[in-house]
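>>> this one's structure only:
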């Protein structure tokens, strides 16, 4: 049984606060994940208050400006490959999941708990 996502969105009477998290900053690039996220954020922003949290720097300045204009808040928390590898290795040695370890202690992490509170 298929769920009609568009119909569910129309049934929402009040705007929601949505935290949209991306590995790379959304844009109109040839990378599918960035393009998909770009269109998702723009579509969601028409009805909801979007906070975009991205772990990558914008590659497309025009698209980044559009997203900043339609989002309630945009947070970019860039990461370096060296930092990801070091954190991942340290986490692996402690038996942690690599994704959890790689993002631990990143710049801006103190803000993230604020984003998840009602």
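In hand now; what should we look at? Nothing here was measured: the structure is a model prediction, and the numbers come from that model. Residues are numbered from 1 along each chain as shown.
>>> per-residue pLDDT, the residue most central in space within the chain?
For the chain, the residue nearest the mean C-alpha position is residue 21 (1.8 Å; Cα atoms, centre = their mean). Note for residue 21: predicted pLDDT of 89.
>>> bridged to it, which residues?
Beta-bridge pairing of residue 21, defined through DSSP bridges, involves residue 53.
>>> tell me how far it lies from residue 66.
From residue 21 over to residue 66 the distance is 19 Å, taken as Cβ to Cβ, to the nearest Å. C-betas here are computed from N, CA, C, even on glycine.
>>> show me where pLDDT drops low in this structure?
Along the chain, the parts satisfying pLDDT under 70 run over 1-13, 104-113, 116-118.
>>> please enumerate the helices of it.
Listed from the start of the chain, the chain has helices (DSSP state H) covering 5-11, 32-45, 61-70, 81-93, 98-103, 109-115.
>>> which residues sit against the shortest one?
When contacts are defined by Cβ atoms under 8 Å, 6 or more residues apart in numbering, helix 98-103 is touched by residues 55, 79, 84, 87, 88, 90, 91, 92, 94, 109.
>>> tell me the buried residues in it?
101, 102, 103 (16 or more other Cβ atoms under 10 Å).
>>> just send those residues back as TSV, with distance to residue 60 too.
What follows is the buried residues of helix 98-103, written out as TSV (distance: Cβ to Cβ, whole Å):
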residue	distance to residue 60
101	30
102	25
103	24
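>>> looking at those residues, which one is closest to residue 17?
residue 103 (21.7 Å; Cβ to Cβ).
>>> circling back to that earlier point, max pairwise distance over the contacts of helix 98-103: which two?
Taking Cβ to Cβ as the measure, the contacts of helix 98-103 have their most distant pair in 55 and 94, spaced 21.7 Å apart.
>>> neighbour-wise, which of those two wins?
Neighbours per residue, other Cβ atoms under 10 Å: of residue 55 and residue 94, the larger number sits with residue 55, 20 against 8.
>>> ok, that one touching residue 26?
No. Under the criterion of Cβ atoms under 8 Å, residue 55 lies out of contact with residue 26, with a separation of 11.7 Å.
>>> who touches stretch 36-55?
For stretch 36-55, the surrounding residues in contact (Cβ under 8 Å, 6+ apart) are 9, 12, 15-28, 63, 66-67, 70-79, 103, 106, 112, 115.
>>> noted, bye for now.
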